[in-house]
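Visitor: missing the sequence, but the structure's below:
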């Protein structure tokens, strides 16, 4: 279909060019040079104004005409047509197009089409004008009489209809719209602007015919209107476009969607909502300046990922929207969404660093999923919520899941109540010494014991907590309950190390170290038994508040571990500057041990690097005995993963510790206790 549409468009452009270019040569050959010399000043002034009008159009930001331009070049072209041979007006118009092309605005095949289009429109207008007056088609005395005003206005109408019609057919073929509906709509849209300006052509022709000296007097109000219209258009553009990315903003997006809903039966579309995964973490870690540069690059890629005629908008923050027209099926909408997601496959080069960014996309189809903008946006938002559950995914709106999604959107109030009721609980994943298999510590992992749905994993509520500003509260509750359980294990003689993950956002809270100190005091736990785990994202900016907080926690006596080492944005140079005690090798590298030699090289080098810096090294995600044996041979200090245990309740850890007490230390080997 796309191949056929391309050939239809190219065939149309070629046909217009094959007709227009010979007519341009004929019109040029019929220019009366003697008459041209007599009126050289008038022609020169009109041509200069025509070129200026082509180079300085007024951008239109209003409604359906957004992206269009308003120019006085056609007005001057028709005025020149009424005074001179048609070849003069055609040559002046083509000259303006070529000068405009020198600025790189048009492809050459489009330039040739535009030159032919203007030639056909001007000659058709001249034929009508000649038929309604005593003038000949290819001759003109250089004057314009008031009695010829009705004929001149009729010629201007012919020019307007034909010029816009020829362009409208090309646009319809390019975006697969029916010509019979798009062209009339396009003419109606341009009539209040282009049509009114063309009506001035006979007035300008009369002024130039009377005296070229009168032209400046006529042009003063025209220029003033042009300038005022440009300023008004700029203000309107600013009101309807995002200042950072230059994309249409929420207001313009809603206006376009509202208009599209009026044409939904003949022009189906897909409404896509997307936001960046972990953008808040990038913003908090690297700073808002880097976040803004990332959004600018994302906007550029999104613009290039959609088809001609589709609309990309920034709704606010890291949320974008796409109107994909002609997406009349779920397959077509999925393909359009896949093109958008493909824009994120390569990393973004920002501030001498490579940032990886992903997006989640929710899609609603119109008219299948709704016929008005409010319903379509709501259902696209529901689909986006589903997509965010599996980061980087594309989700189509599913009516069967709508009620469930609305329930999830209402979890904020329930989460607040759960925090007060003690429903936020820790599960613990044991960490064992690599050489002996004995449990030496646990990592606390947050869970929500929902009264209706049971135990919920973090993926079900962490995004809700972050969006509602409850992430710090979750961390505080998790830490307090985990330290209370650690006190029980210590009282029973099990001196375990407790590790708790802390988000970059929480780590940048200047009051967090004070809160940790109070929590340790309330549980009567020496700070050396608490390990605060952070991701590499915190290490991206040396001057960040997070690094200062790390130093304060270290002075308090807590240990600091870098979680998911090797997957973030940090430089290795930070390892010699930061108060770090432990590296945790990401499970992505551990999973390939025994099958991928590159992963083995990375893991071995990380262990050696950590030890040379005086750090302990823990391997995450150990799921088979071969990986354990290899890690032990490489010198890893401790391991954790499903081979040892999944995250379990405190009682299960206590049972594991009791069994361990009954096993002689020297005979454990690599036994899983």
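Guide: Sure thing, it's come through. None of the values given here were measured: they were computed from a predicted structure.
Visitor: any weak-confidence spans in the stretch 351-500 of the chain?
Guide: Scanning the stretch 351-500 of the chain for pLDDT under 70 picks out 352, 389-392, 400-410, 467-468.
Visitor: which stretches of it form helices?
Guide: Counting by DSSP state H, counting those that start in this stretch, the stretch 351-500 of the chain has helices at residues 373-388, 399-409, 411-421, 462-467, 471-491.
Visitor: what about residue 92, how many neighbours?
Guide: Neighbourhood size, residue 92 [other Cβ atoms under 10 Å]: 26. From N, CA and C alone the C-beta is placed, and that goes for glycine too.
Visitor: for it, give its distance to residue 21.
Guide: 17 Å (Cβ to Cβ, to the nearest Å).
Visitor: before we move on, what about residue 518?
Guide: Relative to residue 21, and taking Cβ to Cβ, residue 518 is found at 84 Å.
Visitor: so which of the two has more stuff around it?
Guide: residue 21 (16 against 12).
Visitor: wait, doesn't that one sit right on residue 115?
Guide: Yes. Contact criterion Cβ atoms under 8 Å: residue 21 and residue 115 qualify, at 7.4 Å.
Visitor: how many degrees apart are the longest strand seen in the chain and helix 411-421 in direction?
Guide: Counting residues, the longest strand found in the chain (DSSP state E) is strand 439-450. If you take axes from the mean of the first three to the mean of the last three Cα atoms, to 10 degrees, strand 439-450 sits at 120 degrees to helix 411-421.
Visitor: next, the contact list for the closest residue in space to residue 503 that isn't next to it in sequence, please.
Guide: In space, and not counting its chain neighbours, residue 503 is closest to residue 471: 5.9 Å by Cβ to Cβ, 6 or more residues apart in numbering. By Cβ atoms under 8 Å, 6 or more residues apart in numbering, the contact set of residue 471 is 462, 465, 503, 505, 506.
Visitor: what's the closest of these to residue 11?
Guide: residue 462 (55.4 Å; Cβ to Cβ).
Visitor: strands along the stretch 551-673 of the chain, start to end?
Guide: With DSSP state E, counting those that start in this stretch as the criterion, the stretch 551-673 of the chain has strands at 559-565, 582-585, 616-619, 638-639.
Visitor: from residue 509, how far out is the nearest residue to residue 526 once chain neighbours are set aside?
Guide: Spatial nearest neighbour of residue 526, chain neighbours left out: residue 557 (7.0 Å); criterion: Cβ to Cβ, 6+ apart. Distance of residue 557 to residue 509, given as Cβ to Cβ: 19 Å.
Visitor: over to residue 483?
Guide: From residue 483 over to residue 509 the distance is 18 Å, taken as Cβ to Cβ.
Visitor: ok, residue 491 next?
Guide: Counting by Cβ to Cβ, the separation of residue 491 from residue 509 is 31 Å.
Visitor: more neighbours, these two?
Guide: Taking neighbours as other Cβ under 10 Å, residue 491 and residue 509 compare with residue 509 leading, 17 against 9.
Visitor: what residues does the closest residue to that one other than its chain neighbours make contact with?
Guide: The spatial neighbour of residue 509 that comes closest, neighbours along the chain excluded (Cβ to Cβ, 6+ apart), is residue 472 at 6.3 Å. For residue 472, the contacting residues are 505, 506, 509, 512, by Cβ under 8 Å, 6+ apart.
Visitor: which two in those are spaced the farthest apart?
Guide: Greatest spatial distance in the contacts of residue 472: 505 and 512, 10.0 Å, computed using Cβ to Cβ.
Visitor: quick one: which of those two has more around it?
Guide: Set side by side, residue 505 and residue 512 show more neighbours around residue 512, with 22 against 18, by other Cβ under 10 Å.
Visitor: quickly list the domain ranges of this structure.
Guide: Domain segmentation of the chain under automatic domain parsing yields 2-240, 250-409, 419-661.
Visitor: tell me, how many neighbours does the nearest residue to residue 594 once chain neighbours are set aside end up with?
Guide: Distances taken as Cβ to Cβ, 6+ apart place residue 626 nearest to residue 594, at 4.7 Å, with adjacent residues excluded. Residue 626: 12 surrounding residues under other Cβ under 10 Å.
Visitor: now swap in the one 4 residues further on and tell me
Guide: Using other Cβ under 10 Å, residue 630 has 19 other residues around it.
Visitor: hang on, it packs against residue 594?
Guide: Yes. Counting by Cβ under 8 Å, residue 594 is a contact partner of residue 630 at 6.5 Å.
Visitor: thinking again about what came up before, how near is the residue nearest to residue 503 to residue 281?
Guide: The gap separating residue 471 from residue 281 is 11 Å, by Cβ to Cβ.
Visitor: overlap in contacts, these two.
Guide: 503, 505.
Visitor: hey, where'd the strands end up in the stretch 1-150 of the chain?
Guide: Remark: strands assigned in the stretch 1-150 of the chain by DSSP E, counting those that start in this stretch are 58-60, 68-70.
Visitor: rank the ones you listed by pLDDT, which is bottom?
Guide: Here the strands of the stretch 1-150 of the chain differ in mean pLDDT, and the lowest is strand 58-60 at a mean of 58.
Visitor: does the residue nearest to residue 594 really touch residue 593, like I thought?
Guide: Yes. The criterion here is Cβ under 8 Å, and residue 626 meets it with residue 593 at 7.0 Å.
Visitor: dump the residue contacts of residue 653.
Guide: Residues counted as contacts of residue 653 (Cβ under 8 Å, 6+ apart) are 428, 430, 439, 442, 489.
Visitor: try it again at 7 Å.
Guide: The contact partners of residue 653, by Cβ atoms under 7 Å, 6 or more residues apart in numbering, come to 428, 430, 442.
Visitor: any idea how far residue 84 is from the second one?
Guide: It stands for residue 430. Applying Cβ to Cβ, the value for residue 430 to residue 84 is 92 Å.
Visitor: more crowded one of the two?
Guide: More crowded of residue 430 and residue 84, by other Cβ under 10 Å: residue 430, with 27 against 24.
Visitor: touching, that one and residue 439? I think so.
Guide: Yes. In this structure, residue 430 is within contact of residue 439 by Cβ atoms under 7 Å, at 4.8 Å.
Visitor: now the common contact residues for the two.
Guide: residue 656.
Visitor: hang on, the earlier thing: so what touches the longest strand of the chain?
Guide: Taking Cβ under 7 Å, 6+ apart as the rule, strand 439-450 contacts 418, 423-433, 455-458, 461, 474, 478, 482, 496-500, 638, 640, 647, 653, 656-657, 660, 673.
Visitor: now do that strand against helix 471-491, angle only.
Guide: Using the same axes, to 10 degrees: strand 439-450 against helix 471-491 is 130 degrees.
Visitor: what are the buried residues along strand 439-450?
Guide: For strand 439-450, the neighbour count (16 or more other Cβ atoms under 10 Å) marks 439, 440, 441, 442, 443, 444, 445, 446, 447, 448, 450 as buried.
Visitor: please identify which of the residues you listed is nearest to residue 388.
Guide: The nearest member of these to residue 388, counting by Cβ to Cβ, is residue 448 at 17.1 Å.
Visitor: so what's the closest one closest to, chain neighbours aside?
Guide: Closest residue to residue 448 apart from its sequence neighbours, by Cβ to Cβ, 6+ apart: residue 456 at 4.3 Å.
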